[in-house]
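Participant: Just the structure for this:
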Amino acid sequence: MRSSDYTPLYRTTVGFDRLFDMLEKSVRSDWPPYNIEKTGENDYRITMAIAGFALDEVELMQNGPELSVVGQRKPDQENREVLHRGLATGNFKQVFKLADHVKVKAANLENGLLSVDLVREVPEELKPRRIEIGSEAKAVSLEQPGKKQLIDSDAEPQREVA
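Facilitator: Got it, this is the predicted structure:
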């Protein structure tokens, strides 16, 4: 899938087709390849194939609902001539949109595969709760340390409970 269409530029330029092909190949949203799995009711895993990247060349960052995976290769220190480059060696940035309350649980890099384990942790106050019908609702307030006050909508003013 291409992110940009250079077709109109092909018609108005001569001899730049190789440049446009390079631009199309440099913008790859499908690289590195990845899988997204559901491993449990609230557990997920993203697995990315990033062969050749070391631990210190890959960075994961969660900023709100976005998980960014950035790979930046360090310059090659060896002075060697590559006759054919078939392995992907470019830098990458992949951004995943996460649902509400999804957090990174763990991340591992093993055998060229980056595995990011995610878990959805809904706060207790946002979980559904059952309310009994026909019961009176009473709230407990902790206004003074050590003393509790019961607040009842049908009762007289507040009374203290030790």
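
Participant: Got the domain ranges for the protein?
Facilitator: 1-28, 31-123, 136-161 (automatic domain parsing).

Participant: Show me the helices in this structure, by range?
Facilitator: Along the chain, counting by DSSP state H, helices occupy 7-12, 17-26.

Participant: returning to that earlier point: can you flag the weakest of the domains of the chain by average pLDDT?
Facilitator: Out of those, domain 136-161 stands lowest, with a mean of 50 (criterion: mean pLDDT).

Participant: Residue 62: what's its closest spatial neighbour, skipping adjacent residues?
Facilitator: The shortest distance from residue 62 to any non-neighbouring residue, by C-beta to C-beta, 6 or more residues apart in numbering, is to residue 104 (5.6 Å). C-beta here means a position set from N, CA and C on the backbone, and glycine is covered the same way.

Participant: and the one you found, what is it in contact with?
Facilitator: Residues in contact with residue 104 (C-beta atoms under 8 Å, 6 or more residues apart in numbering) are 60, 62, 67, 116-118.

Participant: Ok, residue 57 next?
Facilitator: Residue 57 makes contact with 71-74, according to C-beta under 8 Å, 6+ apart.

Participant: Looking at these, spot the one nearest residue 128.
Facilitator: residue 71 (40.4 Å; C-beta to C-beta).

Participant: pretty sure the closest one contacts residue 58?
Facilitator: Yes - the criterion here is C-beta atoms under 8 Å, and residue 71 meets it with residue 58 at 5.1 Å.

Participant: overlap in contacts of these two?
Facilitator: In contact with both residue 71 and residue 58: residue 50, using C-beta under 8 Å, 6+ apart.

Participant: hmm, back to that, would you mind listing the two of the contacts of residue 104 that lie farthest apart?
Facilitator: 62 and 117 (12.6 Å).
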